[in-house]
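> what's the 3D shape of this:
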Amino acid sequence: MRQTQGWGVLAIVFAAVVWGTTGTAATFAPGVSAAAIGAAAMGVGGILQALMAGGGIIRARAALWEQRGLLVIGALAVAIYPLAFYGSMRLAGVTIGTVITIGSAPLLSVVIEYVMDGARLTLRWSAGALVGLIGMGLICVAETASHGGVIGGEQVPLGVALGLLGGFTYALYSWSARRMMLAGTRPTVAMGATFGLGGMLLMPVLFVTGGPFLASWENAAVGLYMALVPMFLGYIAFGYGLARVQASMATVITLLEPVVAAVLAVLIVGERLPPLGWIGVALVVGCLVIITAPGSLRGWFRLRAGRGLT
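Model (predicted):
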């Protein structure tokens, strides 16, 4: 069981790393709107997932119909998430938008599990999440200080609000997909159906806003990369991991994403991360160690009455 969880953790770490590249990739297509990037990335990537799982989806159509409530909730969350996430990065900056979106997801995931599943947290998870969130906060403060205290001016509050919406929808589709898996739906089918339907909902947005992708090969390459690597391969890995760990655990592990985003911003985009930011990076790594390392501490979660966290 622990070995299975370990592979799940590794899969989610891979997903977090490739997701962390999206903000840097988007800077190579500055003429493409946040809505177009989000719709291309999650829309096309989601439809590709559905096509890959097409046979399983057809065979599981009766079960998916019984789970249609969860499927619709997840699909709507998938459609809203990229628009909020990329909008947040455009308005508040890549690092701030990523920090708010991914940093808020673990807490919002716990709220969802508490309301829907009657879940509670272990002290170990709480400590790990707290360390990770402090690290995200330090990265955010350091990035703001490196820009003279102003990133985006008056647009920052709206960017933060969109980041919170992104964090909520991210936590929501993680929860709904895992509930479908726990009910017996295969991970590839649950993720393919959820992201495929969500991707279809994003197609009108792409048709309206996606013209700039055709303006240059560089813009087109950015769109293809976002759809194929972070959103297609990344979410295949995420679905594999989500079938093996709790949704709230998965969202904590993906706190690695803004760390990758900050490092790439320094190495590729040319942004400068002050020492305080690197302390934040170290805390996020510490968060991952706390919640994933084996040892004499109790396991990540216990099941109560066959479900939830204790």
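> Based on its surroundings, how many neighbours for residue 65?
Residues lying near residue 65 (other C-beta atoms under 10 Å) number 9. C-beta: built from backbone N, CA, C; applies to glycine.
> Please report the distance of it from residue 57.
For residue 65, the distance to residue 57 equals 11 Å [C-beta to C-beta, to the nearest Å].
> and residue 219, what is it in contact with?
By C-beta atoms under 8 Å, 6 or more residues apart in numbering, the residues touching residue 219 are 29, 31-32, 212-213.
> switch to 6 Å and redo it
Contact analysis of residue 219 by C-beta atoms under 6 Å, 6 or more residues apart in numbering lists 29, 32, 212-213.
> secondary structure class for the closest residue to it other than its chain neighbours?
With sequence-adjacent residues excluded and distances taken as C-beta to C-beta, 6 or more residues apart in numbering, residue 219 is closest to residue 29, at 4.5 Å. The local conformation at residue 29, judged by DSSP: H, G, I helix; E, B strand; the rest coil, is coil.
> Local confidence estimate at residue 29?
In this prediction, residue 29 carries a pLDDT score of 85.
> Where does the prediction get shaky in the chain?
Across the chain, residues meeting the criterion (pLDDT under 70) sit at 1-4, 119, 121, 143-156, 247-248, 251, 271, 273, 291-310.
> Name the residue closest to the centre of it, please.
residue 170 (5.7 Å; C-alpha atoms, centre = their mean).
> Remind me which helix or strand it belongs to.
helix 156-182 (DSSP states H and E).
> Then residue 115?
Assigned by DSSP H and E, residue 115 belongs to helix 94-117.
> Just want the angle from the helix or strand harbouring residue 288 to helix 94-117.
Secondary-structure element containing residue 288, defined by DSSP H and E: helix 275-292. With axes from the mean of the first three to the mean of the last three C-alpha atoms, to 10 degrees as the basis, helix 275-292 and helix 94-117 are set at 30 degrees to each other.
> and residue 214, how many neighbours does it have?
Using other C-beta under 10 Å, residue 214 has 10 neighbouring residues.
> Not counting its neighbours along the chain, what's nearest it?
residue 220 is the one closest to residue 214 (C-beta to C-beta, 6+ apart), at 6.8 Å.
> Same check on residue 109?
Using C-beta to C-beta, 6+ apart and skipping the chain neighbours, the partner closest in space to residue 109 is residue 171 (3.8 Å).
> thinking residue 276 is in contact with residue 137, fair?
No: the pair residue 276 / residue 137 is not scored as a contact, 10.1 Å apart, by C-beta atoms under 6 Å.
> one step back: which one of the contacts of residue 219 is nearest to residue 43?
residue 213 (11.9 Å; C-beta to C-beta).
> Return the residues in contact with that closest one.
Neighbours of residue 213 in contact, by C-beta under 6 Å, 6+ apart: 219-220, 223.
> Swap in 7 Å and give it another go.
Going by C-beta atoms under 7 Å, 6 or more residues apart in numbering, residue 213 touches 32, 36, 40, 219-220, 223.
> what's the answer for residue 164, then?
Counted by C-beta under 7 Å, 6+ apart, residue 164 has contacts 100, 104.
> Ok, residue 23 next?
Residue 23 touches 89, 94, 98, 261, counting by C-beta under 7 Å, 6+ apart.
> Redo those residues as JSON lines? Include neighbour count and distance to residue 108.
Shown next, in JSON lines, are those (neighbours: other C-beta atoms under 10 Å; distance: C-beta to C-beta, whole Å):
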{"residue": "89", "neighbour count": "28", "distance to residue 108": "18"}
{"residue": "94", "neighbour count": "25", "distance to residue 108": "21"}
{"residue": "98", "neighbour count": "31", "distance to residue 108": "15"}
{"residue": "261", "neighbour count": "25", "distance to residue 108": "19"}
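> how many neighbours does residue 286 have?
Per other C-beta under 10 Å, the neighbour tally for residue 286 reads 15.
> ok so, going back, buried residues in the helix holding residue 115?
94-110, 112-113, 117 (16 or more other C-beta atoms under 10 Å).
> follow-up on the earlier one: specify the angle between the helix holding residue 170 and helix 94-117 in degrees.
Using the same axes, to 10 degrees: helix 156-182 against helix 94-117 is 40 degrees.
> Backbone dihedrals for residue 29, please?
phi -130, psi 60 (degrees, to the nearest 10).
> Return the set of buried residues in the helix holding residue 288.
Neighbour-count burial for helix 275-292, counted by 16+ other C-beta under 10 Å, picks out 277-278, 280-281, 283-285, 287-288, 290-292.
> Save those as JSON lines, and put in distance to residue 6 too.
Formatted as JSON lines, the buried residues of helix 275-292 follow (distance: C-beta to C-beta, whole Å):
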{"residue": "277", "distance to residue 6": "30"}
{"residue": "278", "distance to residue 6": "28"}
{"residue": "280", "distance to residue 6": "26"}
{"residue": "281", "distance to residue 6": "23"}
{"residue": "283", "distance to residue 6": "23"}
{"residue": "284", "distance to residue 6": "20"}
{"residue": "285", "distance to residue 6": "17"}
{"residue": "287", "distance to residue 6": "17"}
{"residue": "288", "distance to residue 6": "13"}
{"residue": "290", "distance to residue 6": "16"}
{"residue": "291", "distance to residue 6": "13"}
{"residue": "292", "distance to residue 6": "8"}
